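K.L.:
Give me the fold of what follows.
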Amino acid sequence: IAGYVRLILLIASWCFYDSRPLLSISLYCSSAFLDAVDGFLARKLNQTSAFGAWFDVVIDNLGRGMIWCRTYHIGYLVSSLEWMTFACTHQRGASWKGVNQRDPWLVRAVMANNFRNLCGVMSVGSLHVLPVWLFCDYHGLLTNWAIPLAVQHLVIGLLAAGRAMCAAVETWFIWSHIQYLCSDEANRPAAAIDADDK
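P.N.:
Okay, here's the model as predicted:
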């Protein structure tokens, strides 16, 4: 239910994007707040499901994609990177978050302890906060809120650094998946896979 409410909030946010940017970003942030609690609620109410995990990420990508694409002409590149990463990671199921010693140090650093570390917080935080901050900058809301220009630019720089780190990890996941798709394992005939399972 939280996911469907989030989707409605995003559609409403989209409708007010140009005419009432403050209302638009408020609706978007309300959806993001529900994202912060929907997993907790699902676990507490024993309503977790594979669909719910998938739907949660789809809504995240739709929301961020909306902001990126409507705010900047090249925003579709960022959105495309996020969608490709989603396609490459979530078919693995819950195991996509697992890392090992063969993975690059940056991937291990970001994903260590389920993203609960400096690199992980910086990457995931910037993934969610940078588009919101840029939206507010684009519509002049940061200036209206009397945030000094130096602070605005400093925050953009820090968030951009975190988003670049996140993009490096996303690119590695995509490359890793391409390597898997080109491997002998991925290209074995179905009959050979069935025989191995028996």
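K.L.:
report the longest helix in the chain, please.
P.N.:
In the chain, taking DSSP state H as the definition, the longest helix is helix 149-181.
K.L.:
Report how many residues lie close to Met111.
P.N.:
Using other C-beta atoms under 10 Å, Met111 has 21 neighbouring residues. Where you see a C-beta, it was placed from the backbone N, CA and C, and this is true even at glycine.
K.L.:
just to revisit the earlier point, pull out the buried residues from the longest helix of the chain.
P.N.:
The neighbour-count check on helix 149-181 (16 or more other C-beta atoms under 10 Å) flags 152, 155, 158-159, 162-163, 165-167, 169-170, 172-174, 177 as buried.
K.L.:
For that helix, the averaged confidence score.
P.N.:
Model confidence over helix 149-181, given as mean pLDDT, is 95.
K.L.:
From the chain's centroid, how far away is that helix?
P.N.:
11 Å (C-alpha atoms, centre = their mean, to the nearest Å).
K.L.:
now for it, which elements pack on it?
P.N.:
Helix 149-181 sits against helix 75-89, helix 105-111, helix 118-138, helix 141-144, with contacts defined as 3 or more C-beta pairs under 8 Å, 6 or more residues apart in numbering; DSSP states H and E.
K.L.:
among those helices, which is nearest Phe40?
P.N.:
Nearest of the helices and strands packed on helix 149-181 to Phe40, taken as C-beta to C-beta: helix 118-138 at 16.5 Å.
K.L.:
Contacts for that closest one next, please.
P.N.:
With contact meaning C-beta atoms under 8 Å, 6 or more residues apart in numbering, helix 118-138 is reached by 21, 25, 28-29, 32, 60, 64, 67-68, 71-72, 78, 82, 106, 109-115, 141-142, 152, 155-156, 158-163, 165-166, 169.
K.L.:
Can you show me the CA trace of it as PDB?
P.N.:
Presented in PDB, the C-alpha positions along helix 118-138 are these (Å, rounded to 0.1, in the frame of the first residue of the first chain):
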ATOM      1  CA  LEU A 118      31.100   6.400   5.000                       C
ATOM      2  CA  CYS A 119      31.400   5.500   1.300                       C
ATOM      3  CA  GLY A 120      28.100   3.800   1.300                       C
ATOM      4  CA  VAL A 121      26.200   6.600   3.000                       C
ATOM      5  CA  MET A 122      27.900   9.100   0.800                       C
ATOM      6  CA  SER A 123      27.000   7.100  -2.400                       C
ATOM      7  CA  VAL A 124      23.400   6.200  -1.500                       C
ATOM      8  CA  GLY A 125      22.700   9.600   0.100                       C
ATOM      9  CA  SER A 126      23.900  11.400  -3.000                       C
ATOM     10  CA  LEU A 127      21.900   9.100  -5.200                       C
ATOM     11  CA  HIS A 128      18.700  10.300  -3.400                       C
ATOM     12  CA  VAL A 129      19.600  13.800  -2.300                       C
ATOM     13  CA  LEU A 130      21.500  15.200  -5.300                       C
ATOM     14  CA  PRO A 131      18.400  15.300  -7.700                       C
ATOM     15  CA  VAL A 132      16.300  17.000  -5.000                       C
ATOM     16  CA  TRP A 133      19.000  19.600  -4.300                       C
ATOM     17  CA  LEU A 134      19.500  20.300  -8.000                       C
ATOM     18  CA  PHE A 135      15.700  20.600  -8.500                       C
ATOM     19  CA  CYS A 136      15.600  23.100  -5.700                       C
ATOM     20  CA  ASP A 137      18.600  25.000  -7.200                       C
ATOM     21  CA  TYR A 138      17.100  25.000 -10.700                       C
END
